[in-house]
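S.K.: Build the 3D model from these lines:
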Amino acid sequence: TRGKSVRGLSHPEGGHLRVSRYTNPGKTGMDGKILGVDGRDKYRGNCRFHSMDVKFPLSCVEGMANSQAIADRLGITKKMLRNVPDSHEVWEMEACYLAQLCLSITLLLSPEVIVIGGGVMNREVLFPKIRKHFKGLLGGYLRSDLFDKDLDQYITRSKFDKFGGSIHAGVVGGLELARRAYERRSLEKGVVDAKTKKKTAATRSWTSLTKPSKILSKLGLLGVGMLVGFAVSRLLTRTAELSGNYNSDGVATKRKQMEFLDNYAEAHANNLEDELSS
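M.R.: Model (predicted):
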């Protein structure tokens, strides 16, 4: 919605919405292995949260329509699904379940477009079948040119799926979410200045040190800096005492000394960071 994913108590789980079992009245179909005598889908479902529940069994989209569910009905492996012809009734059944999901999404969220992806949707014949079932289930309830004339623009595949291989909508979507999270974090924390970057680089360099000699070298550099800072502090104090540059409380000179030491310590810390990062 408005370029952002919808999130409330948790992320939406539309894939677990309940669906009515596919029915082809008067037809057992496929040697009676998939459709019962009443023409209804006999498959129980494979969702371990809903289909397998003894007390409250539920036919959800995921349990009835994922690739494993299709393979189970046919008694084959998922890799063998590519050999199943487009004319097989199992694809009609699959389209019916996905069309029910699209109908629920339409009635609940009223989106401008429904994009379907995933391995099962590589079967191109599914899209026209899904649109056919969707229009029948909608029953003319909602009026829109999308439903009447341009249904192929309303229920469609992701444009990223055309690349094939490891580049698909799931990967691109994950990268987009990561990009948005990075932008949001940057806005919350503000632009990272050069000093913070230097400290980050110094920290990385420090953690990458493995030789004891290098560690001792850096510690020695830090110790020398502390000694120099102490010597300068004593020198300033002695100079102020000799010159009588104290006011009644000695506050002004003390403040100057502290400012000097703070500046020196910061400068020395920056030098140390440069050494560590080199």
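
S.K.: how many other residues sit next to Ile34?
M.R.: Neighbour count of Ile34, defined by other CB atoms under 10 Å: 23. For the C-beta atoms, the positions are set from N, CA and C on the backbone; glycine is no exception.

S.K.: how about the nearest residue to it, chain neighbours excluded?
M.R.: Arg73 (4.8 Å; CB to CB, 6 or more residues apart in numbering).

S.K.: helices and strands around the helix or strand harbouring that neighbour, which ones?
M.R.: In this structure, Arg73 sits in helix 67-74 according to DSSP states H and E. Counting contacts by 3 or more CB pairs under 8 Å, 6 or more residues apart in numbering; DSSP states H and E, helix 67-74 packs against helix 89-109.

S.K.: Quick check: which helices or strands does the helix it packs on pack against?
M.R.: Short answer (3+ CB pairs under 8 Å, 6+ apart): helix 89-109 packs on helix 61-65, helix 67-74, strand 114-116, helix 126-138.

S.K.: Of the ones you listed, flag the one that's most buried.
M.R.: helix 61-65 (a mean of 25; mean count of other CB atoms under 10 Å).

S.K.: Contacts for that one next, please.
M.R.: For helix 61-65, the surrounding residues in contact (CB atoms under 8 Å, 6 or more residues apart in numbering) are 14-17, 19, 21, 41, 43, 45-47, 50-51, 69, 94, 97-98, 100-101, 120.

S.K.: same check, this time on stretch 39-52
M.R.: 16, 21-29, 33-36, 56-60, 62-64, 66, 68-69, 72-73, 93.

S.K.: low pLDDT regions in the chain?
M.R.: Applying pLDDT under 70 to the chain flags residues 1, 26-32, 54, 162-167, 191-278.

S.K.: how about the strands in it?
M.R.: 114-116, 155-157 (DSSP state E).

S.K.: Could you dump the ones you listed into TSV and include distance to Pro128?
M.R.: Listed next are the strands of the chain as TSV, based on distance: least, CB to CB, whole Å:
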stretch	distance to Pro128
strand 114-116	13
strand 155-157	10
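
S.K.: can you tell which of these is closest to Phe134?
M.R.: Checking the strands of the chain against Phe134 by CB to CB gives strand 155-157 as the closest, at 6.3 Å.

S.K.: The closest one pairs with which strands, and in what direction?
M.R.: strand 114-116 (parallel) (DSSP bridges).

S.K.: Run a quick neighbour tally on Arg44.
M.R.: 14.

S.K.: and if you look at Ala95?
M.R.: 23.

S.K.: Can you give me the separation between Lys149 and Arg143?
M.R.: Distance, Lys149 to Arg143, by CB to CB, to the nearest Å: 12 Å.

S.K.: repeat for Glu188
M.R.: Counting by CB to CB, the gap from Glu188 to Arg143 is 43 Å.

S.K.: for Phe49, same thing?
M.R.: Applying CB to CB to Phe49 and Arg143 gives a distance of 37 Å.

S.K.: I'm done for today, thanks for sticking with me.
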